[in-house]
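Trainee: curious how this folds, go ahead:
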Amino acid sequence: MTKDNKLIIVESPTKAKTISSFLKGFNILPSYGHVRDLPKSKLGIDVDNNFEVSYVIIPKAKENLKKIEKQAQKATEIILATDEDREGEAIAWHLLQALNLDEDKTKRIVFHEITKPAIEEALKNPRGIKIELVNAQQARRILDRLVGYKLSPFLWRKIKYGLSAGRVQSAALRLICEKEKEIEDFISQEYWTISTILEKDNQSFEAQLFKINNQTLDKLEIKNEKQAKEISQKLKQADFSVFDLNQKTVFNSPLPPFTTSTLQQGSWQKLHFSSKQTMMLAQQLYEEGLITYMRTDSVNISKEAILMVRKFIEQEFGKNYLPETSNIFKTKSKLSQEAHEAIRPTDVNKTPLKLKNKLGSQQLKLYELIWKRFVACQMSKATLKQTTIIVKAQNKDDYFLKATGEIIVFDGFLKIFPKKQETILPIVEKDDQLKLLEIKTLQHFTEPPARYNDASLVKKLEELGIGRPSTYASIISTLLLRNYIERNSSKAFVPTMLGKLVNDLLTKHFKDIVDYEFTATIENDLDKIAQGEKNWREVVKNFYEPFNKNLEQKEKEVSRREATEKESDEICEKCGSKMVIKYGKYGPFLACSNYPNCSNIKKIPKPSTELDIPCPKCGKTQNGKVVVRKTKSKKRIFYGCSRWPKCDFMSWKPPGQ
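Mentor: Predicted coordinates:
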C-alpha cells in the first residue's frame, strides 16, 4: 500500500489546499460542507415511526460527490478529516452513508489546528465515527425542523404568509423584544453632578462631590439646576483641604485566551465586526492554518503552545514580563464540551506584522486581536498604584469630594494590550490646603437600558445556556434575515413591528418555545446525547408530543384577528370606531375595528416631531415651530427650531418648563 492510494476528505477547498502544502503523497478533496440534509419539500421525519429520518443528497453537492466517489473507489484507505465538533462528525457520517464507504478501510481523524505536526499526529491516531456526536447533531436538526415546519404554517395562517419560527431564534427574539419594552416603559429622570477643579503646587485635578455632612449622595440626589446652584454658591465660599488620603498597589491579571463567545464579544467591542463576520473571518484563518479551531468554549492551552509563547515573551520583552509559572485558566461554562483548546495562533512567531502583506485587512485585524489576547494571557500581571484623595470643603456644612488617580508601575501584559490613560494626581498630604479654580455643574438624564448588540446578545445567550458556540452567529443572522429585528444607527438590535407581532403570539400561546429555561434544558439534553447519557429519540419525543398537542389546540383557539390586531390611538374618520394595526403583504397598516361594517384602511402616519409651540427665537417673526430632535447617538432628546440651520434655537427642555 502506498500513500498515493490514500484519500483524505475535508470540508473546504481552503482546508484541502493548506493540508496539501505540507502533507505530500495524499489525495485531498473537499466535500464543500454537508452532502446530505433533510428534504426542503417535506418534513422528512416520520413522527409516527420513532422519528425515522429521510435524508437526501443536497442538489449542489451531487456533482462534487460523484468526483469524490470516483476517487474513493480507487483508494485503499479513506480518511475523513472533517472538523472535530458535532457538525464535523455529522458531515463525516453523512459522507460515509452517501458514498456507501467500506467501514473497514475508512478512518476518522480529528485535529485542533491545521499544522503539519497536528495532522501527522492525527494520522497516527485514527478512530471510528463517534455516533453519539452524530446523534446530538441529528437531534438538534430534527428539533429545529419540527418547530420550523410545524409552527411556521401556523404563523402563515394567523399573521402573514412566508413567516417562519425557529426553536432557538424565538427565545433570542423574546430577549430583544423584552429589552425594547423596558426602553419604551423607561421614564427619564433629571439629575445634576457637581465637581471642582482644585490646585496644589500649580498642579490641578478634578474632585467630584459625593457627600454632604454625614449623608452620602445618591445618584439622583441633586434633582435640578436650582439645587445645583445653591450647593455651588456654598462651595464658592468654602475652604478646601485634604481630609483623607489612601494609596494602594493593585495587580491586574490578563484575561484568558478567546473562546467562540468571547471572540465574538471582543471582535464587536474592538473592531465592530458582527458575529457572522467574525466567524467567517475566523473560519478563513483556521483553514489557512493560522489559528486553532474557532468553535470552542474551552480556555485550555496545550503544553506545546505554552512553551512556545513563553519562549517568545522572554525573547521579545524580557524575563520580567514572564511569570515564574504559566498562567492557567479554568473554563467557567459548566457546559464546556468537545473542544480541547482555546482559540489561539498556531505559531506565535507569525506576528501580525509578518502577515501584514499576506492577509486581507479584516483578516489581519482579527488575527491581531487573537494573537495579542493569546500572548497577553501568558505575560506577567500589571502593577498599578491607585490613589484616592478625599477633599473636605468647609462652610456652614461639610462637603466631601473625591478624586481618584491611577498610574502604571509595571505594565506587564498591558505592554501589548494598552489600558486607558493614566490619571495622575498631585502629591498631597492630609490637611494640605487646596485652591479652588472652578466649579462645574452638569445636567444629566438617566438613560434607558442599552439595547442588545452582537457582543451583549451573545453574552446573554451564553449566560442563559441558549444555543452553543457554533450557533450564536446563525441565530442573529436568521432574525435579521426574517426581518424580525433590524440594526439601528448604533448597530444595536431593534425588533420590527413584525418581530413584536410574532413574539407576542409565541409568548402567549407557545410559552415553552420562548422559555429561556426550557430552551437551555434542551441544550443540556443535546449535550447528554453527545456524551452517550441520553437517547436522542427519547429527547425528541419528549419535546415533540406536548408541542404538537398544544399546536393542534391553538390552531382551533387562535383566530387571525386575535393574532394580528392591535388597537391604535387613531379614530376612523368614516364611522368613529377605533383603528387597529394590521399586518399585510406590504407591511403594517391601519384598519377600522368595525370591519366588515366599515372597510376603511389607511397608512400608518409617521409620528409627528413638531410641537404646537412657536420657536422662542423666531416664532413671532418667521413662524418657526419647536421640534423634537435626538442627539447623534439617539440616546437623548432635545428641542430645536423647525427652521434650523437658519434659526439655531436649542434646549434640553421644552420651552416653558
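Trainee: C-terminal to the helix or strand harbouring L245, what's the next element?
Mentor: Using DSSP states H and E, L245 sits in strand 239-252. Where DSSP H and E defines the elements, the next helix or strand beyond strand 239-252 is helix 260-271.
Trainee: and that next one, what other elements does it pack with?
Mentor: helix 275-287, helix 361-377, helix 454-464, helix 472-481 (3 or more Cβ pairs under 8 Å, 6 or more residues apart in numbering; DSSP states H and E). In short, each C-beta sits where N, CA and C put it, glycine included.
Trainee: follow-up on the earlier one: residues contacting the strand holding L245, please?
Mentor: 196, 198, 381-395, 400, 409, 412-414, 419, 428-436 (Cβ atoms under 8 Å, 6 or more residues apart in numbering).
Trainee: among those residues, which are in strands?
Mentor: 196, 198, 382-394, 400, 409, 433-436 (DSSP state E).
Trainee: out of the residues you listed, which end up buried?
Mentor: By neighbour count, with 16 or more other Cβ atoms under 10 Å, the ones in strands among the contacts of strand 239-252 hold 196, 198, 382-384, 387, 389-393, 400, 434, 436 as buried.
Trainee: could I get these as CSV with distance to V47?
Mentor: CSV is the format used below for those (distance: Cβ to Cβ, whole Å):
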residue, distance to V47
T196, 72
L198, 75
A382, 58
T383, 63
L384, 61
T387, 68
I389, 71
I390, 70
V391, 73
K392, 75
A393, 75
F400, 70
L434, 78
L436, 78
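Trainee: out of those residues, who's nearest E63?
Mentor: A382 (56.2 Å; Cβ to Cβ).
Trainee: average pLDDT for stretch 303-318, rounded please.
Mentor: Confidence over stretch 303-318 (mean pLDDT, whole number) is 96.
Trainee: as CSV, could you dump the C-alpha coordinates of that stretch?
Mentor: Taking C-alpha atoms only, stretch 303-318 is exported to CSV below (Å, rounded to 0.1, in the frame of the first residue of the first chain):
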residue,chain,number,x,y,z
LYS,A,303,1.7,22.4,26.8
GLU,A,304,3.5,22.9,23.5
ALA,A,305,1.7,26.2,22.9
ILE,A,306,2.6,27.4,26.4
LEU,A,307,6.2,26.6,25.9
MET,A,308,6.2,28.3,22.5
VAL,A,309,4.6,31.5,23.8
ARG,A,310,6.8,31.7,27.0
LYS,A,311,9.9,31.5,24.9
PHE,A,312,8.6,34.2,22.6
ILE,A,313,7.7,36.5,25.6
GLU,A,314,11.2,36.1,27.1
GLN,A,315,12.9,36.9,23.8
GLU,A,316,10.7,39.8,22.8
PHE,A,317,10.0,41.5,26.1
GLY,A,318,12.5,40.2,28.7
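Trainee: tell me the buried residues in that stretch?
Mentor: 305-306, 308-310, 312-313, 317.
Trainee: now swap in stretch 451-464 and tell me
Mentor: Applying 16+ other Cβ under 10 Å to stretch 451-464 flags 451-462, 464 as buried.
Trainee: make a markdown table from the residues you listed and add distance to V53 to it.
Mentor: Conversion of these to a markdown table gives the following (distance: Cβ to Cβ, whole Å):
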| residue | distance to V53 |
| --- | --- |
| R451 | 39 |
| Y452 | 35 |
| N453 | 37 |
| D454 | 33 |
| A455 | 36 |
| S456 | 37 |
| L457 | 32 |
| V458 | 30 |
| K459 | 34 |
| K460 | 33 |
| L461 | 27 |
| E462 | 29 |
| L464 | 29 |
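Trainee: of the residues you listed, which is the nearest to G166?
Mentor: Looking across these and measuring by Cβ to Cβ, the closest to G166 is L461, at 13.4 Å.
Trainee: I'd guessed the closest one sits against P469; true?
Mentor: No: counting by Cβ atoms under 8 Å, L461 stays clear of P469, with 10.2 Å between them.
Trainee: tell me how the chain divides into domains.
Mentor: Per the record, the chain has its domains at 3-129, 144-186+450-560, 190-253+382-445, 273-376, 567-602, 610-651, by automatic domain parsing.
Trainee: got CSV for the ones you listed, with distance to Q138 too?
Mentor: As requested, the domains of the chain are arranged in CSV below (distance: least, Cβ to Cβ, whole Å):
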stretch, distance to Q138
domain 3-129, 7
domain 144-186+450-560, 6
domain 190-253+382-445, 42
domain 273-376, 16
domain 567-602, 36
domain 610-651, 45
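Trainee: which of these comes out lowest on mean pLDDT?
Mentor: For the domains of the chain, the bottom mean pLDDT is recorded on domain 610-651, which sits at a mean of 76.
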